[in-house]
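> I'd like to go over a predicted model; first the sequence, then the structure.
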Amino acid sequence: LLKIIESNKFFYIGSPGASANYIHVKNVVDALKLCAFSPRAAGAIYNLSDYSTWEDFVGMFAQSLGVRTPLLRAPELPIRLLATLLQKIPGWPLKPSRVDALTTFVKYSDLKIRQELGYSPCISIENAIADLVRGYRRWYELKKN
């Protein structure tokens, strides 16, 4: 995703407002600790999400990378058909599962864990993305040398 955004090859698929439900691993660990030490969590099921739209999510990446935010959008059906037809080509980047991820409107609420266990993310999605981009830059520099 970072390479595609950085090289200005990213485009949105389908209608605006699709969900990007990602979360930093430190937030997951914090939530697991809360669950491990709270009797109230026994047998309970909780969702975690640092919800944002793909437009906001990609915009945060673009800003951290220092590139322009992508604006191009393609209709879902032709892209889905293309991904399905070409998925067997080695190295072809756009698989049906990726189209699914880029076009879902499912939003996972973390309200239950916030209310029952007092969960609060320790790292915001903005800081998580900035950390990821810094790590990506370090990795890329090491790879070059």
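Arrived safely, thanks for sending.

> use CA for all of it now, contacts and neighbours both
Will do.

> which residue is nearest the middle of this protein?
residue 22 (4.1 Å; CA atoms, centre = their mean).

> residue boundaries of the strands in the chain?
With DSSP state E as the definition, the chain shows strands at residue ranges 12-13, 19-22, 50-53, 73-74.

> which among those is found nearest to residue 145?
strand 19-22 (31.3 Å; CA to CA).

> now do that closest one, average pLDDT.
Looking at strand 19-22 alone, the average pLDDT works out to 91.

> now do that strand: everything it contacts.
Residues lying outside strand 19-22 but in contact with it, judged by CA atoms under 8 Å, 6 or more residues apart in numbering, are 49-54, 57, 101-108.

> do stretch 116-128 as well
Counting by CA under 8 Å, 6+ apart, the neighbours of stretch 116-128 from elsewhere in the structure are 23-24, 26-27, 30-31, 34-35, 38, 40-41, 50, 60, 113-114.

> okay, it in CSV with CA atoms only?
As requested, C-alpha coordinates have been extracted for stretch 116-128 and formatted as CSV (Å, rounded to 0.1, in the frame of the first residue of the first chain):
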residue,chain,number,x,y,z
GLU,A,116,-17.4,-2.3,29.9
LEU,A,117,-13.6,-2.2,30.3
GLY,A,118,-12.6,1.4,29.9
TYR,A,119,-10.6,0.7,26.8
SER,A,120,-9.0,3.7,25.0
PRO,A,121,-6.5,3.4,22.2
CYS,A,122,-3.0,4.3,23.3
ILE,A,123,-1.9,5.1,19.8
SER,A,124,-4.1,7.1,17.4
ILE,A,125,-4.5,6.0,13.8
GLU,A,126,-2.6,9.2,12.7
ASN,A,127,0.4,8.3,15.0
ALA,A,128,0.2,4.7,14.0
